[in-house]
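# fold the following and give me the result.
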Amino acid sequence: MSTENQLATHKKVSISTMQLEAIYSLGFELYATGHFEKAADLFRLLCLYQPEKSRNWIALGGANHEGKDYESAIAAFVMASFEDPLNPEPRLYSAHSFIDLMDLPAAREATREALKLCEKRNDTDAIKIRVLSLLEALESFAAA
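Numbering: from 1, shown residues only. Just a heads-up that it's a prediction; the model follows:
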């Protein structure tokens, strides 16, 4: 079969926003019950359908992190940062993955970047507290 015929017979699958929300909800439920690999599969699908939504990348990163695939988690958090460059959360979450990889200089750098973003926004007080706490711990560990 020629490439043109293959393309002609291939139909684009259309998924509604409601269906995507249902997939996200199912992924979140799987994540909450400890089925991280299955959750990651669903979040990966969402990233394919809605790559512009940073929450999908954050969810994928979280599932990968909990599944101990720290490098893939960091990659997903980088994508979340790309899609929402002023959001400090992906950088904070990537710091945790760097810690689990025992790359403390990278964890400190990611945490410092998260703090810079928190200082540029007025709606990040809760996350800023977490960022400051982690940064303090990382810097005291480095000084020891």
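
# so for the top helix by length along the chain, what gets flagged as buried?
In the chain, taking DSSP state H as the definition, the longest helix is helix 125-143. By neighbour count on 16 or more other C-beta atoms under 10 Å, the buried set for helix 125-143 is 127-128, 130-131, 134-135, 138. All C-beta spots, glycine's among them, are computed from the backbone N, C-alpha and C.

# okay, the residue most central in space within the chain: pLDDT?
Centroid-nearest residue in the chain: Ile58, 2.3 Å away (criterion: C-alpha atoms, centre = their mean). On pLDDT, Ile58 comes in at 98.

# show me the contacts for the residue nearest to it when sequence neighbours are not counted.
Using C-beta to C-beta, 6 or more residues apart in numbering and skipping the chain neighbours, the partner closest in space to Ile58 is Ala80 (4.7 Å). When contacts are counted by C-beta atoms under 8 Å, 6 or more residues apart in numbering, Ala80 touches 54-55, 57-58, 61, 87, 89-90.

# and of those, the nearest to Leu115?
Leu115 lies nearest to Glu89 out of those, by C-beta to C-beta, at 12.2 Å.

# please report phi then psi for that closest one.
phi -60, psi -50 (degrees, to the nearest 10).

# could you list every residue that touches it?
Counted by C-beta under 8 Å, 6+ apart, Glu89 has contacts 58, 80, 114, 127.

# now whatever helix or strand the second one lives in: buried residues?
Yep, that's Ala80 we're talking about. Per DSSP states H and E: Ala80 is located in helix 70-83. Neighbour-count burial for helix 70-83, counted by 16+ other C-beta under 10 Å, picks out 70, 72-81, 83.

# ditto for stretch 82-92
So stretch 82-92, judged by 16+ other C-beta under 10 Å, has buried residues 83-84, 87-92.
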